[in-house]
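[1] Dropping the sequence and predicted coords here.
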Amino acid sequence: MDLELFLADLAGRFDAHRRLEADAVVGELTDAERAGVTLAARMVAMRGRDLSVLVRGGERLAGEVVDVADTWVLLRTPGGDSLVPTGAVVAAWPMGGAVAGGLGLGDTVGVDHVLREAADQGLLVVIDHDAGLHQGAVEAVLADHFDLDTDVAGAGGTVRGPAGGPPTVVSLSLTGIRRIRLLGTLG
């Protein structure tokens, strides 16, 4: 037997085996990386571009992606800016293969922070919520819910509230928010 041919055959089989192992590792790493990509991370790549989102309850919003954080996307829609919690987004398009590293300036600012700042500045808000469409002033933001005063001057009250008539102050869960719009300052 020719030792040179024997060694060449062995080296060829060894290289082929290493290529198969490397391909398997690359596939596993690709799967692991994809498993960590969030919807928010994909929406970052859409910054400055038009995006349509469907929120819980079936409302479709379309507009330019202004900013994105872990917990929300800010869309500039024809009706004004809308802060949409990413947890309320059930579909988004066109996303294509969009993926971006890093989030926006507000990546550490949650929806609860936005509501607290609205309360501090005395801003009127419109909250599209699983419990209805509410308009008023944020009174307090707690661990998992917030209080909204729907009977403030100029707020116009609750647009669509729970059965039995609108209360003066309604407590709403943070997880039920579908969209937040700012109207301006009180009176």
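    Yep, it's here.

[2] How far away from the center of its chain is stretch 123-136?
    In terms of Cα atoms, centre = their mean, to the nearest Å, the centre of stretch 123-136 is set 18 Å apart from its chain centre.

[3] Buried residues in that stretch, which are they?
    For stretch 123-136, a neighbour-count test (16 or more other Cβ atoms under 10 Å) marks 123-129, 131-132, 134-136 as buried. (Glycine included, C-beta is placed from N, CA and C.)

[4] What residues sit buried inside the strand or helix carrying Leu54?
    Using DSSP states H and E, Leu54 maps to strand 50-55. Under the neighbour-count criterion of 16+ other Cβ under 10 Å, strand 50-55 has 51, 53-55 buried.

[5] again with stretch 52-67
    53-56, 61, 63, 65, 67.

[6] can you list the domains in the chain?
    Following automatic domain parsing, the chain resolves into domains at 1-36, 39-93, 111-185.

[7] Make a markdown table out of these and add mean pLDDT.
    Shown next, in a markdown table, are those (pLDDT from 0 to 100):
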| stretch | mean pLDDT |
| --- | --- |
| domain 1-36 | 75 |
| domain 39-93 | 94 |
| domain 111-185 | 85 |
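
[8] Strands of the chain, residue ranges please.
    In the chain, the strands defined using DSSP state E lie at 50-55, 60-68, 72-77, 80-85, 89-93, 123-129, 132-141, 145-149, 169-173, 177-185.

[9] In a markdown table: those, plus distance to Ala35.
    Formatted as a markdown table, the strands of the chain follow (distance: least, Cβ to Cβ, whole Å):
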| stretch | distance to Ala35 |
| --- | --- |
| strand 50-55 | 22 |
| strand 60-68 | 20 |
| strand 72-77 | 21 |
| strand 80-85 | 22 |
| strand 89-93 | 18 |
| strand 123-129 | 31 |
| strand 132-141 | 33 |
| strand 145-149 | 32 |
| strand 169-173 | 29 |
| strand 177-185 | 27 |
